[in-house]
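Engineer: Fold the following, please.
(chains A and B)
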Amino acid sequence: MDHEDASISYVLGTDALGRDILSKIIAGARVTVLVVVAAVGTGIIVGTTIGLVSGFFGGIVDDVVMRIVDAWNILPGLLIILVVVLVLGQGLWTLIGVLAMISWPGAVRLVRAETLSLKSREYVSLARVAGASNTRIMIRHILPGVVNIVIVTATLGTGNIILTEAALSFLGAGIPPPEPSWGRMISEERQYIDAAWWTSLFPGLVIAMVVMSGNFLGDWFRDRVDPTLRQL
Amino acid sequence: MGQFIARRVLLGIIALMLAMLIVFSLSRVKGDPRYFFIGEDSLGIDPAVWEEWGRRLNLDKPVPIQFALWMGDILTGDFGDSVTTQRRVLDIIREKAPNTIQLGIVAWLLGTFVGVPLGVFSATNRGNTLDYIFRGFALFGQSVPIFWLALVLIFVFAVNLGWLPSGTKGEGVAIRNFVLPAVTLAWFPAASYLRITRTAMLEILDSEFIKFARAKGVAQAPVRWKHAFRNAIIPPLTLSVFVLFGLLNGTIIIESVFAWPGLGRLAIDALWATDYPLLAGLTIIYGLAFVVMILSLDIIYAVLDPRIKYN
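Structural biologist: Down below sits the predicted model:
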């Protein structure tokens, strides 16, 4: 088999082994969505919990947590990911783990700031007078107030995670074959770029469109949640 | 201010320790760490060599002591030897670093001097066609994967038009070789700078003192550049930290595409050759570079904007 140009049966043409590009893109979406949702979800849950606890209790815990978050943000993330992949090997769980590793600090700072402002509110003091425990106050009274901002950060961060996932697949550090993935489609086909340019063009366009949609959605969420943050 | 800088230095030290801790722990989580240094396929390894490596890695001591000793080695500049080439890691890095630094600086300048002026232009001509085009470019530029952009540029300018070489740095500093990698790397920063400068400018242009300056009869150009732009410079400057990080990450992704003989390609080669000492050394050196960049930006920031309070 060889590359085949776009036609009615293969709308976006075929790759070097005669496989339909469109089908591969659709199959690749499954993996990307799974990985990104799992990674962002894990990152958000971890980040929110840490931010909530840190902001609520304050003191030395808060100091230590915030120093770690600050330091974490200036680590060479991509290289650390590569070291993890070198040691643990490629795979679905490694990929989800490393992506969660770079997504958790985003939520911590925002959730903590929000928690700090909420915990001094009247209704929190009243809940305490009514005999609510710390855990109950955090979960029932403060968490609902920070959920909005968490959703906004998660959505805005998705684009970055998708791009990182694509880059890792491209570098061969993502999910190993035969599972299709957009990044690896581009890297596998790049040697044929002068003969069959469409094979690497379309997966890239799909990545760009998904990332752009994520950014739009995030902007829209943010404007809905807090119109004062609207960018002109 | 002295206290502020001291705190930032402390943060840098924490970050470096954290990076070293992660890299070190990873070498100890999976089986015998000696495999990372000898190479796993060497089954018929001489027991004497095996023992010798045990001593060199201090495996007879408790793990925290091992970490401390390893960190001591790193601090004295001893990153060990690369598994594949048997050369000292620091020597290899020193040899390749200039190529990456040159590329990074060119790309950063390109991104800044394209993105910031376009952002100002976009803000001062808000709502006209060019503003929409630039904003479209910014949105698109922040969404495309750069390795894909690299391939598209190679396809158009190297394969089809044949104007520029598709890769390799060549001898000395040949501008032709820099164009494609630098444009690829500068794409995302230019888009980010454009967006943030535009937003900052619009906010400032909407403020009272600008209206007052206009009411006084100050001409359009001084209002833009002297009154507005000087106040709008802080957000793009803050962004620079992320831009520089992005650039260094970008070099790791695209240097292989352009066959650029720098640190990024070295990292990918090290990953493929499971060359743990080399990749670990690169990680720590990049971490150091990040910390130094953050510190210098903090200092510039503090000098430029005396309103910032240090607490």
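Engineer: list the contacts for the residue in chain A that chain B sits nearest to?
Structural biologist: Residue nearest to chain B within chain A (Cβ to the nearest Cβ): A:Gly204, separated by 3.3 Å. Placement of C-beta: from N, CA and C, glycine included. A:Gly204 makes contact with A:182, A:186, B:144-145, B:148-149, B:151-152, according to Cβ atoms under 8 Å, 6 or more residues apart in numbering or on different chains.
Engineer: Residue of the stretch 101-250 of chain B closest to chain A, please.
Structural biologist: Closest point on the stretch 101-250 of chain B to chain A, by Cβ to the nearest Cβ, is B:Trp148, at 3.3 Å.
Engineer: What helices and strands are in contact with the helix or strand of chain A with the lowest mean pLDDT?
Structural biologist: Every helix and strand of chain A was ranked by mean pLDDT, DSSP states H and E. The lowest is helix A:182-189, at a mean of 82. If you count contacts as 3 or more Cβ pairs under 8 Å, 6 or more residues apart in numbering or on different chains; DSSP states H and E, helix A:182-189 packs onto helix A:21-57, helix A:143-171, helix A:198-225, helix B:146-153.
Engineer: hmm, stretch A:212-220 in reach of chain B?
Structural biologist: Yes. Counting by Cβ under 8 Å from any Cβ of the partner chain, chain B has neighbours in stretch A:212-220: A:212, A:215.
Engineer: Distance from that stretch to the middle of the chain?
Structural biologist: Centroid separation between stretch A:212-220 and its chain, computed with Cα atoms, centre = their mean, to the nearest Å, is 13 Å.
Engineer: ok, B:Leu130 - contacts?
Structural biologist: B:121-122.
Engineer: Can you verify it is assigned to a helix?
Structural biologist: Yes. Assessed with DSSP: H, G, I helix; E, B strand; the rest coil, B:Leu130 lies in a helix.
Engineer: From B:Ala228, how far off is it?
Structural biologist: As judged by Cβ to Cβ, to the nearest Å, B:Leu130 and B:Ala228 stand 19 Å apart.
Engineer: Now distance to B:Thr124 and mean pLDDT too, for the helices and strands packed on helix A:182-189, in a markdown table please.
Structural biologist: Listed next are these as a markdown table, based on distance: least, Cβ to Cβ, whole Å; pLDDT from 0 to 100:
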| stretch | distance to B:Thr124 | mean pLDDT |
| --- | --- | --- |
| helix A:21-57 | 37 | 89 |
| helix A:143-171 | 27 | 86 |
| helix A:198-225 | 23 | 85 |
| helix B:146-153 | 28 | 87 |
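Engineer: Show me the one of those that comes nearest B:Arg214.
Structural biologist: Taking Cβ to Cβ, helix A:198-225 is the member of the helices and strands packed on helix A:182-189 nearest to B:Arg214, at 29.2 Å.
Engineer: What residues of the closest one count as buried?
Structural biologist: Across helix A:198-225, burial judged by 16 or more other Cβ atoms under 10 Å in any protein chain shown covers A:198-208, A:210-212, A:214-215, A:218-219, A:221-222.
Engineer: what do you get for stretch B:82-97?
Structural biologist: B:82-84, B:88-90, B:92-93, B:96-97.
Engineer: I'd like these as a markdown table, with secondary structure, distance to B:Gly281 and pLDDT appended.
Structural biologist: Listed next are the buried residues of stretch B:82-97 as a markdown table, based on DSSP: H, G, I helix; E, B strand; the rest coil; distance: Cβ to Cβ, whole Å; pLDDT from 0 to 100:
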| residue | secondary structure | distance to B:Gly281 | pLDDT |
| --- | --- | --- | --- |
| B:Ser82 | coil | 8 | 78 |
| B:Val83 | coil | 11 | 78 |
| B:Thr84 | coil | 13 | 79 |
| B:Arg88 | strand | 9 | 84 |
| B:Val89 | helix | 4 | 80 |
| B:Leu90 | helix | 7 | 85 |
| B:Ile92 | helix | 8 | 86 |
| B:Ile93 | helix | 6 | 87 |
| B:Lys96 | helix | 12 | 85 |
| B:Ala97 | helix | 12 | 86 |
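Engineer: where does chain B have low pLDDT?
Structural biologist: Along chain B, the model assigns pLDDT under 70 to residues B:1, B:39-44, B:167-173, B:305-311.
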